[in-house]
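>>> Would you be able to build a 3D model of this:
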Amino acid sequence: MKILDASLLDELARKAAASPRSRAHHTIHASAADPVQRFIVAARRDSYFRPHRHTTRSELATVVRGRFDVITFDDAGAVLARYAVGEGSGAFAYETPAGTWHTLVPGEAGGVFLEVKQGPYDPSTAAEFAPWAPAEGSAEATSYLAWLRGVAPGA
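This next block holds a predicted model:
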């Protein structure tokens, strides 16, 4: 039996604060070979999730603390939709179909989500990063995240 409590979320928030990526995760599943991959991710406001897609699997996430905007894109990087998920939004989870370009933008206070994906984990097919979006850690990533914060569908 695994019990996940608020102290784990607090610990992940502290680790995210100390991380250069401004996020931290906790793996729940036993190994990369597990047929269901489950983990908790804490992200601070300034954490940049490079737009990506999972070509062979869908992704389900439940926000357990804070708020995120989920943004979807077409193949050229135009914004298709923006969804608020978490505190104050009326929504608590999202599922991204396989092949959907997407990113997460943490809210003002950051947030924590539980993510579930089909396994086993295969690094060669886990995620394809959008060629039109700056790489994580690049000089352009900060300004791109700022743009994402205010972008509307159609941009």
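>>> What are the boundaries of the strands in this protein?
Here the chain has its strands, by DSSP state E, at 23-27, 36-43, 52-53, 59-73, 79-86, 93-96, 101-118, 128-129.
>>> Dump the ones you listed to a markdown table, plus mean pLDDT, mean neighbour count and distance to D10.
Every C-beta, even on glycine, is put in place using the N, C-alpha and C of the backbone. As requested, the strands of the chain are arranged in a markdown table below (pLDDT from 0 to 100; neighbours: other Cβ atoms under 10 Å; distance: least, Cβ to Cβ, whole Å):
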| stretch | mean pLDDT | mean neighbour count | distance to D10 |
| --- | --- | --- | --- |
| strand 23-27 | 97 | 18 | 11 |
| strand 36-43 | 96 | 20 | 9 |
| strand 52-53 | 96 | 20 | 28 |
| strand 59-73 | 98 | 20 | 10 |
| strand 79-86 | 98 | 17 | 17 |
| strand 93-96 | 97 | 16 | 22 |
| strand 101-118 | 97 | 20 | 10 |
| strand 128-129 | 96 | 14 | 31 |
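>>> Which among those strands is found nearest to L12?
strand 36-43 (3.6 Å; Cβ to Cβ).
>>> Adding distance to T142, write the strands of the chain out as TSV.
Shown next, in TSV, are those (distance: least, Cβ to Cβ, whole Å):
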stretch	distance to T142
strand 23-27	15
strand 36-43	15
strand 52-53	18
strand 59-73	17
strand 79-86	19
strand 93-96	24
strand 101-118	13
strand 128-129	17
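>>> No more questions from me, cheers.
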